[in-house]
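Undergrad: would you be able to build a 3D model of this:
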Amino acid sequence: MESPPIREAHLLEQGIQALDALLGPEWQVTQRPNKSKVFDAALEVRAEGDSTFTQLLVEVSRAVPPRLVVERLAPRAQLLREVNRYTNLLVIAPWISSQAQELLRQNGIAYLDLTGNVDIRVARPAIIIHTAGAEKAPRSAPRETNRTTLAGLKAGRLVRLLADVPPPHRAIDLHRISALSLPYVSRLLDTLEDQLLIRRKGRIITDVDWAQLLRARAREISLLAHGSYQGFLAPNGVPALLQQISQLPTEYVDGLSVTGSYTVQRFVRVAVGGQLMLYVGHWLNIDDVADELGLLPVAEGADVLLMNEPDAFVRRRSEFIDGVQYVAPSQAALDCLAGPGRMPAEGEALLDFMKTYPEKWRASGNDAGAPPIQH
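TA: As a prediction, the model looks like this:
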């Protein structure tokens, strides 16, 4: 159960207490009268016994999407520097995403969230504080009412389409290809625009930051969600198993798709081996597949993972190599980024390849790719 929303006055009070604790007993943090009401508070910070102080003008926000930083906070910070270079803007929030933190730092804006993500740099008096808090939004962090997020199967479909097919896009076309409702598509596009993951001109999507979009989606999911997979040993090794898969009946060949490390190795040099991860189509049963391949179930040390396919879209734009189906690079990158161990590093390596060679994996502007095989 989520905690009730944090009122801005209480959020400001908690933020000031956190700042006071970070600075320690040799510093004084004093709230001054806020006559203009342009900002939520004005704080004076000085070391004990020192006449030199800095003023922090505070912006309290229950959410800090990247778009807010670029369109509202950055211009305010620039204006403050032009008026008085010793006055600084401080953003206080329950939680601030890594993307928003980076934008705040780029624009010279101090920030403090209640999970411990803090970056405050003042030239006079000299103050440098940088701490890391939660990477993901805690359950207690407020969410905008009815705001659509990147979690869930439906979001995964739209993310894949936006990553795989270069813009321009229209919501109606994304709705048609994804089979998602038009209101849902519109709401999610609004969220992505706030996160600066897409840019629109009128109703047309003109730009997609597909790499950041895949990273943002990966932060909301877990590849090995509880109960979604089973581990096995391949008695004759993974290379022999791949050859065996290519010789299975069509319903098995079409329903098994390789993701993770073995897909990444098709494009970039990473550590050889790793677990062979296979999505299992919804018309197949994991136990039946294991029996067909002669796999041995194990609790630990598995070299093969059979994973229930969460949605047929994971096979969209897949490719058959030597009779074995491999998911598209965008799906493999997403799965690695959301996976355990060394997989996120492999995902980043694949993203680097994808940025360098977009022609090797992105569809043409008029080709959304063939639909996945259905049974």
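Undergrad: can you work out which other helices and strands pack against the longest helix along the chain?
TA: Ranked by residue count under DSSP state H, the longest helix found in the chain is helix 8-23. Packed against helix 8-23, as judged by 3 or more C-beta pairs under 8 Å, 6 or more residues apart in numbering; DSSP states H and E, are the following elements: strand 27-32, strand 41-47, strand 53-60, strand 87-93, strand 110-113, strand 118-122, strand 127-131. (Glycine included, C-beta is placed from N, CA and C.)
Undergrad: bridging residues for the closest residue to residue 238 other than its chain neighbours?
TA: For residue 238, ignoring the flanking residues on the chain, the nearest one in space by C-beta to C-beta, 6 or more residues apart in numbering is residue 276 at 4.8 Å. Taking DSSP bridges, one finds residue 304 as the beta-bridge partners of residue 276.
Undergrad: thought residue 276 was touching residue 244?
TA: No. Here residue 276 does not reach residue 244: they are 11.5 Å apart, not a contact under C-beta atoms under 8 Å.
Undergrad: which one of the two has more residues nearby?
TA: When residue 276 and residue 244 are compared on other C-beta atoms under 10 Å, the one with more neighbours turns out to be residue 276, at 24 against 15.
Undergrad: next up, the contacts around the more buried one.
TA: Applying C-beta atoms under 8 Å, 6 or more residues apart in numbering, one finds that residue 276 lies in contact with 234, 238, 241-242, 258, 260-262, 303-305.
Undergrad: and residue 122, how many residues sit next to it?
TA: By the criterion of other C-beta under 10 Å, residue 122 has 18 neighbours.
Undergrad: what sits closest to it if chain neighbours are left out?
TA: For residue 122, the nearest residue in space outside its immediate sequence neighbours is residue 54; the separation is 4.9 Å by C-beta to C-beta, 6+ apart.
Undergrad: ok, residue 147 next?
TA: For residue 147, the nearest residue in space outside its immediate sequence neighbours is residue 191; the separation is 6.2 Å by C-beta to C-beta, 6+ apart.
Undergrad: give me the contact list for the host helix or strand of the one you found.
TA: Residue 191 is located in helix 182-194, with elements delineated by DSSP states H and E. Applying C-beta under 8 Å, 6+ apart, the external contacts of helix 182-194 come out as 65-68, 146-150, 154-155, 158, 162, 171-172, 174-175, 178, 198-200, 205, 213.
Undergrad: tell me the buried residues in it?
TA: Under the neighbour-count criterion of 16 or more other C-beta atoms under 10 Å, helix 182-194 has 184-185, 188-189, 191-194 buried.
Undergrad: same thing with stretch 205-213?
TA: Within stretch 205-213, the residues that qualify as buried by neighbour count (16+ other C-beta under 10 Å) are 205, 208-213.
Undergrad: mean confidence (pLDDT) on it, please.
TA: Averaged across stretch 205-213, the pLDDT comes to 97.
Undergrad: measure residue 10 to residue 134 for me?
TA: Summarising the geometry, the distance separating residue 10 from residue 134, computed by C-beta to C-beta, to the nearest Å, is 19 Å.
Undergrad: got it, and residue 223?
TA: Between residue 223 and residue 134 the computed distance is 21 Å (C-beta to C-beta).
Undergrad: which one's more surrounded, these two?
TA: residue 223 (21 against 16).
Undergrad: look up phi and psi at the more buried one.
TA: Residue 223 adopts backbone torsions of phi -60, psi -40, taken as degrees, to the nearest 10.
Undergrad: for residue 156, same thing?
TA: Per-residue torsions, residue 156: phi -60, psi -40 (degrees, to the nearest 10).
Undergrad: in the protein, where is pLDDT below threshold?
TA: Counting by pLDDT under 70, the chain contains low-confidence residues at 1-6, 140-146, 365-375.
Undergrad: the same query, at a cut-off of 80, please.
TA: In the predicted model of the chain, residues 1-7, 34-37, 85-86, 139-147, 226-227, 271-273, 364-375 satisfy pLDDT under 80.
Undergrad: please enumerate the helices of it.
TA: Using DSSP H, the helices of the chain run over residues 8-23, 66-68, 74-83, 98-106, 153-164, 171-178, 182-194, 210-219, 238-245, 250-255, 261-264, 286-293, 329-337, 343-356.
Undergrad: tell me which of the ones you listed is the most buried.
TA: Per-residue neighbour counts averaged over each of the helices of the chain give the maximum for helix 329-337, namely a mean of 27 (mean count of other C-beta atoms under 10 Å).
Undergrad: what angle do that one and helix 153-164 make?
TA: 120 degrees (axes from the mean of the first three to the mean of the last three C-alpha atoms, to 10 degrees).
Undergrad: now helix 329-337 against helix 210-219, angle please.
TA: Using the same axes, to 10 degrees, helix 329-337 lies at 40 degrees relative to helix 210-219.
Undergrad: which residues sit against helix 329-337?
TA: Residues lying outside helix 329-337 but in contact with it, judged by C-beta under 8 Å, 6+ apart, are 156, 159-160, 163-164, 210, 214-215, 217-218, 223, 259-261, 263-264, 267, 277, 314, 316-318, 326-327, 343-344, 346-348, 350-351, 353-354, 360-361.
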